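Trainee: Sharing a sequence plus its predicted fold:
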Amino acid sequence: MIAVMLPLFGPLAATSVKAQSIVDWVETDPLTGLAIGGMDPVSYFTEDAPLPGKPDYEVVWMGAPWLFANKANRDVFERQPKIYAPQYGGHGAMSMARGFVSDADPLIYAVYKQRLYLFYSAANREAFLLAPDAAALRGQEHWQVLSKSLSTR
């Protein structure tokens with residue numbers, strides 16, 4: 001998969017949107033029970049591609065197990081989990097911007113304005129990246145309503 005990390009400067013950074021974290025619920029893999037398919041959430045920000053986590057470096061946060069590639073990433077996450085956790089609980093970001101909940105593939109993602117967004121498909125990621133500020137803002141608005149209807153574990 002192609003990873004996308006947008007710079008924090010340039011024409012996209014000129015527009016303003018709140019970059020607050022929207023993480024108050026976490027989707028888990030129905031087969032493994034792991035958050036974001038067992039991928040290391042910190043590695044999205046530090047590596048060219050996300051790394052699979054290892055059971056040796058596990059943290060339970062928001063009722064879900066999160067795996068990390070190494071102790072350093074685990075420790076960083078424990079200090080500031082909302083910085084590294086995906087937006088909208090790990091659901092598809094463009095779907096959320098369009099007003100509905102969908103699953104997301106942890107290997108189709110974008111890091112935009114220091115926030116992790118996951119997507120159902122590469123086409124949804126591309127649609128998000130056409131106007132990321134507007135999509136993120138619409139996603140935040142829809143998440144406030146849609147997250148209340150999600151079942152808890």
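Mentor: Yes, it's here.

Trainee: ok but residue 49 is inside a strand, no?
Mentor: No. Counting by DSSP: H, G, I helix; E, B strand; the rest coil, residue 49 is not part of a strand but coil.

Trainee: what's stretch 49-58 in contact with?
Mentor: 1, 3, 34, 38-41, 43-44, 65-71, 73-74, 106-107, 109 (Cβ atoms under 8 Å, 6 or more residues apart in numbering). For glycine as for every other residue, the C-beta is placed from the backbone atoms N, C-alpha and C.

Trainee: Name the residues of the biggest helix by length in the chain that are buried.
Mentor: Assignment by DSSP state H gives helix 132-146 as the longest helix of the chain. For helix 132-146, a neighbour-count test (16 or more other Cβ atoms under 10 Å) marks 132, 133, 135, 136, 138, 139, 140, 142, 143, 146 as buried.

Trainee: what's the closest of those residues to residue 81?
Mentor: Lowest distance from residue 81 to the buried residues of helix 132-146 (Cβ to Cβ) belongs to residue 143, with 17.3 Å.

Trainee: Can you get me the start-to-end distance on stretch 41-56?
Mentor: 15 Å (Cα to Cα, to the nearest Å).
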